[in-house]
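Q: Here's a sequence, model it:
(chains A and B)
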Amino acid sequence: MVNAIAIVVIALIWLYGWHVGRMWTRSCGVRERGSLWALACVFPTAGLAMAVQLAAIAETVTGRVLIGPAQVAVAFLLLCRVGKGVVEGQQHQSVRTLRPRVASPPGISLKWLWAPVLVVGLAYAVFLADAITGPVTGARPQPASPPQVAWWTGDAAAEVVPDPPRASVPESGEVATFLLASAGLERCGPVTRLLDAVLLAAVIHALARSLGAGTRAAAVAVCITLSVPVVLVQSFAPGADLYAAAAWLSSLLAMVWAMRVEHDRQRRNLLVLAGLAAGAGVGSGWGRLAAAALLVLIVLAEGWLRPQEFRTAAPRPLRNMVLFCVVGLLCSGCWLADGLARTGGRRLRPESVVAAAPSSFAEPSPDAGVTLSILRRRIASWWDYPWREPRGIENGSTAATGAAYATFVPIGLAAAVFSFAGRRFGNPTERWKLVYVTIACGGLLLALVLPRVAVRDTLAQVLLLVPVAAVLIDRLMVRFPRSVLLTLTAALVMTVTITAREPARAVAERVRDAGWHSSPVAVTRR
Amino acid sequence: MMEHETRGAGLGREYVWLGLCVMSLVCYLLRSEAVSAFVRDVLRELGER
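A: Below is the predicted model:
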């Protein structure tokens, strides 16, 4: 009961943090509604991750099991108050920002967009119905790589955490799941995960707009993103990948705005937001550290990307990089220490916990290290991606990017690269497009080289290409609106039918048998 | 005339891009293991009935 109250308090503090984040973002000159709301989510999301880490540090230092929703709530509230104090202390400056003015293509009315939106909406409705009516416990227990639900349940925590009790904390992307589980509210999990999906949609829309796509093409990009099977499945099932992708792309969005604002103070505050978001993403798995390094490239190139009229202050790439990295580490430093301790032979947390969790994912073990033969094998496996899923993945549907993605994204990338031929990159939008596509290609290379699980661990890099495709879709929609939307809808129907088939069947069976389940998440010790 | 030619060239190019997108979709449908597994399942279920 105490934990349940603490969860409600944390939810309220999150809303308060979102309000503070909105004030922060507005003071930085962000005016576009989608970007404003998306970037406002960064502050409470990173704040919650930091609060958990503070509690973890306290646990390590004192040697007592302290982490619980109530302690997290107190730390979270303190951090939000500090953030509000910082925002209020900012000088009010005149706000002038530059945004690419992109007119919607003529001749396309919103009515043509209903079909793809309806298809994607139906898929989410089916998964939601499955999450509401289905059992919480999955049939297939999977080894817990991060500490699982047990940490958050009082008695179980005492049993699982070895003596003397030491820091035992989940990674950032799992925090909400574990907090809810501690109060027996696992069934509310999809609410937090759907929030990640909404955040992802807002960020993709804003990134597509930043590259010069119109609102309708950006909406199509959102439909493609939400139809990617991993995104669809993780909007309802546990997993940190969707969270990490949303955080990483939010960081990129903050950088987009950092290039558009007039004052250095606003730029600095946006880089703080970018660092917080990147830290939250990195804190959801250290494999994402390399992807965060890609963001540093943008931080360094910020001076070059800034419009001519805003180049009043000299570019400070070194300061920007240090600020970005330090703030990022604030959100993920505890996990780094944990990782280092484990590498050095010590463990800050046990790893031998098995928690049954509803998951559609198989856990293929990634290759250790990169040798030439492994690299050759990966290239052989990936060369025709995304038209064919990388081999060796048990669950093909979640390793796929989906038909809509495969239809537009590779061609959109080719069109973007083709459009660079003969360009001089005189205006900021063109420069940004060049940097963006370079980062996207770098992300693809990382996905190939690093020992990762296909699509899931590289979700941010995979989705990074969708806004690039939106630029081509924008051009195509001017000439062939019906053909584009027909092709998109057909592709979406195919993807959604494959991905949502099992949940739809399960829901239909439950409706027929009137069998609702409510078994709790089982926690056992191996 | 010049503008007409430019537009024509642009239109031709966009036809190419749209054609490539459709080809990309067809390629996915033919090569994806998820799609082939789905088709196999559906055919098997239809056969069982």
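Q: Please list the residues of chain B that sit near chain A.
A: Neighbours of chain A within chain B, by C-beta under 8 Å from any C-beta of the partner chain: B:11, B:14, B:17-18, B:20-22, B:24-25, B:27-29, B:31-35, B:37-38. Glycine gets a C-beta too; all of them are placed from N, C-alpha and C.
Q: which bits of the stretch 151-300 of chain A sit near chain B?
A: Counting by C-beta under 8 Å from any C-beta, the residues of the stretch 151-300 of chain A near chain B are A:Pro229.
Q: Now the stretch 151-300 of chain A against chain B: closest residue?
A: Closest approach of the stretch 151-300 of chain A to chain B (C-beta to the nearest C-beta) occurs at A:Pro229, with a separation of 7.8 Å.
Q: okay, now that residue: neighbour count?
A: When neighbours are counted by other C-beta atoms under 10 Å in any protein chain shown, A:Pro229 registers 26.
Q: now swap in B:Phe38 and tell me
A: By other C-beta under 10 Å, neighbour count at B:Phe38 equals 18.
Q: Was I right to think it contacts A:Thr497?
A: Yes: look at B:Phe38 against A:Thr497 with C-beta atoms under 8 Å: they come within range, at 7.4 Å.
Q: With just CA atoms, put the helix or strand A:Leu413 falls within into PDB.
A: According to DSSP states H and E, A:Leu413 maps onto helix A:403-419. The C-alpha coordinates for helix A:403-419 follow below in PDB (Å, rounded to 0.1, in the frame of the first residue of the first chain):
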ATOM      1  CA  ALA A 403       7.300  -3.400 -44.900                       C
ATOM      2  CA  ALA A 404       6.700   0.400 -44.700                       C
ATOM      3  CA  TYR A 405      10.200   1.000 -43.400                       C
ATOM      4  CA  ALA A 406      11.700  -1.200 -46.100                       C
ATOM      5  CA  THR A 407       9.700   0.500 -48.800                       C
ATOM      6  CA  PHE A 408      10.600   4.100 -48.100                       C
ATOM      7  CA  VAL A 409      13.700   4.400 -45.900                       C
ATOM      8  CA  PRO A 410      16.400   2.800 -48.100                       C
ATOM      9  CA  ILE A 411      15.200   4.700 -51.100                       C
ATOM     10  CA  GLY A 412      14.900   7.900 -49.100                       C
ATOM     11  CA  LEU A 413      18.500   7.500 -47.900                       C
ATOM     12  CA  ALA A 414      19.600   7.000 -51.500                       C
ATOM     13  CA  ALA A 415      17.600  10.000 -52.700                       C
ATOM     14  CA  ALA A 416      19.200  12.100 -49.900                       C
ATOM     15  CA  VAL A 417      22.700  11.000 -50.800                       C
ATOM     16  CA  PHE A 418      21.900  11.600 -54.500                       C
ATOM     17  CA  SER A 419      20.700  15.100 -53.800                       C
END
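Q: hmm, back to that, in contact with the residue lying closest to the residue of the stretch 151-300 of chain A closest to chain B once chain neighbours are set aside, which residues?
A: Among residues not flanking A:Pro229 along the chain, A:Thr499 sits closest, at 4.6 Å (C-beta to C-beta, 6 or more residues apart in numbering or on different chains). The neighbours of A:Thr499, taking C-beta atoms under 8 Å, 6 or more residues apart in numbering or on different chains as the test, are A:123, A:229, A:232-233, A:397, A:402.
Q: Which two of those residues have the greatest separation?
A: A:Ala123 and A:Ser397 (12.3 Å; C-beta to C-beta).
Q: and A:Trp114, how many neighbours?
A: Around A:Trp114 there are 12 residues (other C-beta under 10 Å).
Q: How about the one 4 residues further on?
A: For A:Leu118, the neighbour count with other C-beta under 10 Å is 13.
Q: could you measure it against A:Trp112, distance?
A: 12 Å (C-beta to C-beta, to the nearest Å).
Q: Tell me the helix or strand right after the lowest-mean-pLDDT helix or strand in chain B.
A: Counting by mean pLDDT, DSSP states H and E, the weakest-scoring helix or strand in chain B turns out to be helix B:2-31, with a mean of 74. Per DSSP H and E, the first helix or strand lying C-terminal to helix B:2-31 is helix B:33-48.
Q: which helices and strands does that following helix pack with?
A: Applying 3 or more C-beta pairs under 8 Å, 6 or more residues apart in numbering or on different chains; DSSP states H and E, we find helix B:33-48 packed against helix A:396-399, helix A:481-499.
Q: Tell me which of the ones you listed is the most buried.
A: helix A:396-399 (a mean of 24; mean count of other C-beta atoms under 10 Å in any protein chain shown).
Q: for that one, what is the average pLDDT?
A: Taken as a whole, helix A:396-399 has an average pLDDT of 54.
Q: I'd like the distance between B:Leu18 and A:Ala201.
A: Taking C-beta to C-beta, one finds B:Leu18 at 25 Å from A:Ala201.
Q: So between the two, which is more surrounded?
A: Legend: neighbour count by other C-beta under 10 Å for B:Leu18 and A:Ala201, higher for A:Ala201 (22 against 19).
Q: What sits closest to the more buried one if chain neighbours are left out?
A: A:Val222 (4.6 Å).
Q: After the helix or strand containing the one you found, heading C-terminal, what element do we hit next?
A: Element membership for A:Val222, per DSSP H and E: helix A:215-227. Using DSSP H and E, the next helix or strand after helix A:215-227 towards the C-terminus is helix A:229-234.
Q: now for that following helix, which elements pack on it?
A: With contacts defined as 3+ C-beta pairs under 8 Å, 6+ apart, the packing partners of helix A:229-234 are helix A:114-133, helix A:189-210, helix A:241-258, helix A:396-399, helix A:459-464, helix A:481-499.
Q: The ones you listed: which one's closest to A:Thr429?
A: helix A:189-210 (8.1 Å).
Q: Identify each buried residue in that closest one, please.
A: A:189-190, A:192-210 (16 or more other C-beta atoms under 10 Å in any protein chain shown).
Q: and A:Ala131, how far is that from A:Pro503?
A: As judged by C-beta to C-beta, A:Ala131 and A:Pro503 stand 8 Å apart.
Q: Also A:Val175?
A: To A:Pro503, A:Val175 is 26 Å away according to C-beta to C-beta.
Q: Which one's more surrounded, these two?
A: In this view A:Val175 and A:Pro503 are compared by other C-beta under 10 Å, and A:Val175 has more residues nearby, 27 against 22.
Q: thought that one was touching A:Met50?
A: No: A:Val175 is beyond contact range of A:Met50, at 10.4 Å (criterion: C-beta under 8 Å).
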